[in-house]
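Novice: Here is a sequence with its predicted model. Questions after.
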Amino acid sequence: MKEQDKFQEKIEQDEKIEPKDWMPDRYRNQLIRMMSQHAHSEIVGMLPEGNWITRAPSLRRKMGLLAKVQDEAGHGMYIYSNTETLGISRQEMIDQLLKGEAKYSNIFNYPTLSWADIGMIGWLVDGAAMVNQTMLVKTSYGPYSRAMIRICKEENFHRKQGHEIVATLANGIPEQQEMVQDALNRWWWPTLMMFGPPDSNSPHTNELMQWKVKRKSNDELRQDFIDRVIPEAHQMGLKIPDPDLIFNEETGHWEIGEIDWDEFWQVIKGNGPMNHERLETRRKAHESGRWVREAAEAYAHKQKLQQQKAS
Ligand code: FAQ
């Protein structure tokens, strides 16, 4: 049987594709694109929350946030390693990010203006990421699928801590209620954009679904998220900032108004409110970590020489 046919049969039988298996170049490159963007998102995603570690309102909140940001770093490292199994080095991926050639999630190009934004990132952004990543647990590439199992467990915990922050503020004094509603007003639409452009305008979805890399389309996942999160918002007394929002009794689904896709394309082209600052912060962090990388390399080299001498 030809390699191409064997590959296709595995996909059809729902078997995982593993790093040493033959795969079409296009499948490999699509996964590198998607997984490296995902890893970059985890890394850049630490920045909006990291800004609030020193300003968390209590020791408990500070510990929770610190642990969450550390988890995101871990997810980034884990997904970079996963992507390396496809034949690209971590260094190459990081260079692409720092040169501004790689994409990362639109959502991390918005500022965190108040403590309520930290709750929104946990409840809404991690909530959206989880809907997407739960689908990716079933993706056809073995290493990515297995990484998603562990990552989803942690994201679920993040979502819960975000929900707790939002619910506490929504139950608080009028100023806290106002602050959390303001945060929802700013984060709602960019969060819906995280699922990607509408299916009718998504160049990669069809191909990725044929290969079972994606198991649901952008619009299907967006709808799953909307149906799950709107009742939660209402339960906390929050108002969804969408005058056209209606519940369709016949379909049992919430229907939203128009998403501003111009804003989405602008943000992912680098013209969002925080794109410049996010990349600058990453560049500085990379530069100031240079001595650590060099020291680790020198140590590893020395260890290797000692081992060679001993054997
Ligand atoms: N942001 O044809 P499609 C997280 C680009 S993790 C920026 O629909 P596809 C954890 C897309 O790349 C969040 N760009 O593409 C956390 C393509 O451009 P290209 C990240 C986007 O691949 C929480 C073009 O638009 N998760 O948040 C976005 O079929 C809290 C056309 O799009 C993942 O990356 C976007 N939102 O579907 C961390 C999950 N959407 O490459 C810290 C894995 C689309 O041709 C704190 N990725 N674009 O130049 C995926 O599931 C998919 O790749 C999609 C896009 C759904 C993101």
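Specialist: Looks like it came in fine.
Novice: for the ligand, what are the nearby residues on the protein?
Specialist: Residues of the chain that fall close to the ligand, judged by CB under 6 Å from any ligand atom: 33-34, 37-38, 41-42, 45, 72, 103, 105-106, 121, 125-126, 129, 132, 193-197, 202-205, 208, 218, 268. C-beta here means a position set from N, CA and C on the backbone, and glycine is covered the same way.
Novice: Please enumerate the helices of the stretch 101-250 of the chain.
Specialist: Secondary structure of the stretch 101-250 of the chain by DSSP state H, counting those that start in this stretch: the helices cover 115-120, 126-136, 142-170, 174-193, 205-210, 218-235.
Novice: export those to a markdown table and tack on mean neighbour count and mean pLDDT?
Specialist: Below are the helices of the stretch 101-250 of the chain laid out as a markdown table (neighbours: other CB atoms under 10 Å; pLDDT from 0 to 100):
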| stretch | mean neighbour count | mean pLDDT |
| --- | --- | --- |
| helix 115-120 | 25 | 98 |
| helix 126-136 | 22 | 97 |
| helix 142-170 | 19 | 96 |
| helix 174-193 | 18 | 98 |
| helix 205-210 | 15 | 97 |
| helix 218-235 | 17 | 98 |
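Novice: need the ones you listed in CSV with distance to Pro19, can you?
Specialist: Shown next, in CSV, are the helices of the stretch 101-250 of the chain (distance: least, CB to CB, whole Å):
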stretch, distance to Pro19
helix 115-120, 37
helix 126-136, 17
helix 142-170, 7
helix 174-193, 32
helix 205-210, 19
helix 218-235, 27
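Novice: Nearest to Gly272 among these would be which one?
Specialist: helix 174-193 (8.8 Å; CB to CB).
Novice: which strands and helices sit next to that closest one?
Specialist: Applying 3 or more CB pairs under 8 Å, 6 or more residues apart in numbering; DSSP states H and E, we find helix 174-193 packed against helix 115-120, helix 142-170, helix 218-235, helix 261-266.
Novice: Relative to Leu97, tell me which of those helices wins on proximity.
Specialist: helix 142-170 (18.6 Å).
Novice: Hey, what's the angle from the closest one to helix 174-193? Just curious.
Specialist: Angle of helix 142-170 versus helix 174-193, following axes from the mean of the first three to the mean of the last three CA atoms, to 10 degrees, is 160 degrees.
Novice: Report all helices and strands that helix 142-170 contacts.
Specialist: Helix 142-170 packs on helix 59-84, helix 115-120, helix 126-136, helix 174-193, going by 3+ CB pairs under 8 Å, 6+ apart.
Novice: which one of those lies closest to Lys20?
Specialist: Across these, the minimum distance to Lys20, taken as CB to CB, is reached by helix 59-84, at 13.6 Å.
Novice: follow-up on the earlier one: just put the helices and strands packed on helix 174-193 in a markdown table and tack on distance to Arg26.
Specialist: Compiled in a markdown table, the helices and strands packed on helix 174-193 are given as follows (distance: least, CB to CB, whole Å):
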| stretch | distance to Arg26 |
| --- | --- |
| helix 115-120 | 37 |
| helix 142-170 | 16 |
| helix 218-235 | 20 |
| helix 261-266 | 24 |
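Novice: Arg61 is nearest to which of these?
Specialist: Judging these by CB to CB, what sits closest to Arg61 is helix 142-170, at 7.3 Å.
Novice: List buried residues within the residues of the chain next to the ligand.
Specialist: Among those, those buried by neighbour count (16 or more other CB atoms under 10 Å) are 34, 37-38, 41-42, 45, 72, 103, 105-106, 121, 125-126, 129, 132, 193-197, 202, 205, 208, 218, 268.
Novice: mind checking which of the helices of the stretch 101-250 of the chain is nearest Lys309?
Specialist: Nearest to Lys309 among the helices of the stretch 101-250 of the chain is helix 142-170; the distance by CB to CB comes to 35.4 Å.
Novice: Run the angle between that closest one and helix 59-84 for me.
Specialist: 160 degrees.
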